[in-house]
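Trainee: give me a model of this one.
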Amino acid sequence: MTATVDTSSLQDRHVSGELTVGGIGIERLAARVGGTPFFAYDRHLITQRVAEVRAVLPASVRLRYAVKANPMPAVLHHLSGLVDGFDVASAGELKLALNTTTPPTAVSFAGPGKTTPELTQAVAAGVTVELESATELARVREVGAALGIQPRVALRVNPDFTVTGSGMRLGGGPQQFGVDRELVPGVLADIAASDVDFHGFHIFAGSQNLRADSICEAQRRTVDMVLELAAASPLPIRYVNLGGGFGIQYSARDQPLDLTPIGDNLSELVDSRLRRALPGAQVIIELGRYLVGEAGVYLTRVVDRKVSRGKTFLVVDGGLHHQLAASGNFGQVIRRNYPLAVASRIASPPTEKVSVVGCLCTPLDLLGNDVDLPAAGVGDLIAIFQAGAYGLTASPTAFLGHPSPGEVLV
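Mentor: Next comes the predicted model:
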């Protein structure tokens, strides 16, 4: 499989053929960071993407960032001034979110298997605990009683439908996530009898979806379900988290997601249905990858060039221990190359076919297979794009004992 970089999409990201991030030439940035490999995130591109999403969302819809996509503290501090809140999935992420200017009431804590110490931290902080089971409700009640604090909670619902087009399904069928839709009335009755501050529902059916029609259909079915559950709820509904799942392009054959029909669909659902039935409810869209994924680049330097039985390899000082997803080992059914380039000659036409491999002692450490690139050799920087989400913290950094890469927001 070949892969080339569409330089038209990078027209504002290079000067005289050299890749820039945040307006800084990549070799100068490498010197500033102190060496390779490293991740570089473009502050302007994150700001621009949030603005693009805001432009299509109904004004009444709140936008939250899923910290799991990229929990770098500098990224979170930047986003805290752009979005309306954070969603976290561990006590570690909770601590990072609370260290920003985002108020605890705008932070939600989702994910199965929350430990009692984690629940204690969440209740003490005053964030919204997204309940994933009846057992978790019981433990939250115990934590609240021990602290003398009424826990702030919402109920995560596992819907009775699946979403087509999602790279990863988080709802529908048997799931470790949330309470099955048909069991929700019973759990709501238990919540009503508990000393907790119940706010509403969280539904997240799938991620990495590039089909606007699929996302719109999922949102319609989610709203239908929320209204049915709300009508039978013994408690008022003040919070509706519709999830997100917006995808980004990882290969040349991926089509970019069209936000316009999604915004139009949400306007109809929120203004015509949710606002009428649940006038006091806060409606939330939660995005992670879509806000930061395309703003990141992973930079790694060529340390060897070799030819083995007619195939040329560029061996770099990074690898899957930093950027697991680019190696195809993070959920891809069929491996596809991420877009990559020779960072100093980003606008030059390709002249050879090479494979870019990392420094690890495993054949899985493949960052680009049979990629068409300009001629490159020892010392050249290789840029792997779409690296702003699920990069460093989603990779096995301890594997084989290599140093961790740097990170920089510019």
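Trainee: pLDDT score for the nearest residue to residue 287 once chain neighbours are set aside?
Mentor: Once flanking residues are discounted, residue 287 sits nearest to residue 244: 4.2 Å by C-beta to C-beta, 6 or more residues apart in numbering. Glycine gets a C-beta too; all of them are placed from N, C-alpha and C. Looking at residue 244, its pLDDT reads 91.
Trainee: how about residue 208?
Mentor: Residue 208 carries a pLDDT value of 88.
Trainee: for it, give me the backbone phi and psi.
Mentor: When read as degrees, to the nearest 10, the backbone of residue 208 gives phi 50, psi 60.
Trainee: how many neighbours does it have?
Mentor: Using other C-beta atoms under 10 Å, residue 208 has 20 other residues around it.
Trainee: now residue 232
Mentor: Residues lying near residue 232 (other C-beta under 10 Å) number 9.
Trainee: and the pLDDT for it?
Mentor: At residue 232, the pLDDT value in this model is 90.
Trainee: in stretch 108-122, which residues are buried?
Mentor: Buried residues in stretch 108-122, counted by 16 or more other C-beta atoms under 10 Å: 108, 109, 110, 111, 114, 118, 119, 120, 121, 122.
Trainee: residues contacting it, please?
Mentor: Contacts to stretch 108-122, defined as C-beta atoms under 8 Å, 6 or more residues apart in numbering, come from residues 64, 85-91, 94-95, 127-130, 132-133, 136, 139-140, 142-143, 146-147, 154, 156, 176-177, 202, 204, 241.
Trainee: PyMOL command to pick out the buried ones of the residues you listed?
Mentor: In PyMOL syntax, the buried subset of the contacts of stretch 108-122 is picked out as below (16+ other C-beta under 10 Å):
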select buried, resi 64+85+86+87+88+89+90+91+94+127+128+129+130+132+133+136+139+140+143+154+156+177+202+204+241
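Trainee: mind checking which of the contacts of stretch 108-122 are in helices?
Mentor: Among these, the residues falling in helices (DSSP state H) are 91, 94, 95, 136, 139, 140, 142, 143, 146, 147.
Trainee: could you verify that residue 51 is part of a helix?
Mentor: Yes: under DSSP: H, G, I helix; E, B strand; the rest coil, residue 51 sits within a helix.
Trainee: any idea how far it is from residue 202?
Mentor: Shown here: residue 51 relative to residue 202, a distance of 25 Å by C-beta to C-beta, to the nearest Å.
Trainee: what is the burial count for residue 348?
Mentor: 14.
Trainee: how about the contacts made by it?
Mentor: Going by C-beta under 8 Å, 6+ apart, residue 348 touches 17, 342, 374.
Trainee: what do you get for residue 88?
Mentor: Applying C-beta under 8 Å, 6+ apart, we find residue 88 in contact with 67, 68, 94, 96, 97, 107, 108, 109, 110, 127.
Trainee: mark which of those residues are part of helices, please.
Mentor: The helices, defined by DSSP H, take in 94, 96, 97 from these.
Trainee: would you put the C-alpha positions of the longest helix belonging to the chain in CSV?
Mentor: The longest helix of the chain (DSSP H) is helix 212-232. Output of helix 212-232 as CSV, limited to C-alpha atoms (Å, rounded to 0.1, in the frame of the first residue of the first chain):
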residue,chain,number,x,y,z
ALA,A,212,-22.3,12.4,8.6
ASP,A,213,-25.5,10.5,7.8
SER,A,214,-24.5,7.8,10.3
ILE,A,215,-23.8,10.4,13.1
CYS,A,216,-27.1,12.1,12.4
GLU,A,217,-29.0,8.9,12.6
ALA,A,218,-27.3,8.0,15.8
GLN,A,219,-28.2,11.4,17.3
ARG,A,220,-31.8,11.0,16.2
ARG,A,221,-32.1,7.6,17.8
THR,A,222,-30.3,8.8,20.9
VAL,A,223,-32.7,11.7,21.4
ASP,A,224,-35.7,9.4,20.8
MET,A,225,-34.3,7.1,23.6
VAL,A,226,-33.6,10.0,25.9
LEU,A,227,-37.1,11.3,25.6
GLU,A,228,-38.6,7.9,26.3
LEU,A,229,-36.4,7.4,29.4
ALA,A,230,-37.1,11.0,30.6
ALA,A,231,-40.9,10.5,30.3
ALA,A,232,-40.7,7.5,32.6
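Trainee: just send the buried residues of stretch 108-122 back as CSV, with distance to residue 378 too.
Mentor: Output for these, formatted as CSV (distance: C-beta to C-beta, whole Å):
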residue, distance to residue 378
108, 48
109, 47
110, 46
111, 44
114, 48
118, 47
119, 52
120, 53
121, 48
122, 50
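Trainee: ok, so of these, who is nearest residue 313?
Mentor: Taking C-beta to C-beta as the measure, residue 313 lies nearest residue 111 of these, at 39.5 Å.
Trainee: how about that closest one, phi and psi?
Mentor: Here is the backbone geometry of residue 111 (degrees, to the nearest 10): phi 120, psi 140.
Trainee: could you number the chain from 4 rather than 1 from now on?
Mentor: Got it, the first residue is 4 from now on, which makes the last one we talked about residue 114.
Trainee: show me where the stretch 304-413 of the chain has strands.
Mentor: In the stretch 304-413 of the chain, the segments counted as strands under DSSP state E, counting those that start in this stretch are 314-319, 343-345, 355-360, 369-376, 384-387, 409-412.
Trainee: of all those strands, which one comes closest to residue 24?
Mentor: Nearest to residue 24, of the strands of the stretch 304-413 of the chain and by C-beta to C-beta, is strand 409-412 at 8.2 Å.
Trainee: strands paired with that closest one, and their directions?
Mentor: strand 41-44 (parallel) (DSSP bridges).
Trainee: please report the distance of residue 209 from residue 221.
Mentor: 7 Å.
Trainee: ok, those two, which is more surrounded?
Mentor: Between residue 209 and residue 221, counted using other C-beta under 10 Å, the more crowded position is residue 221 (28 against 24).
Trainee: you'd agree the more buried one is up against residue 208?
Mentor: Yes: judged on C-beta atoms under 8 Å, residue 221 makes contact with residue 208 at a distance of 5.2 Å.
Trainee: quick one: residues in contact with the longest helix of the chain.
Mentor: For helix 215-235, contacts defined as C-beta under 8 Å, 6+ apart pick out 160, 162-164, 166-169, 184, 187-188, 191, 204, 206, 208-209, 212, 240, 243, 245-246, 248-249, 260-265, 268-269, 272, 276-277, 280-281.
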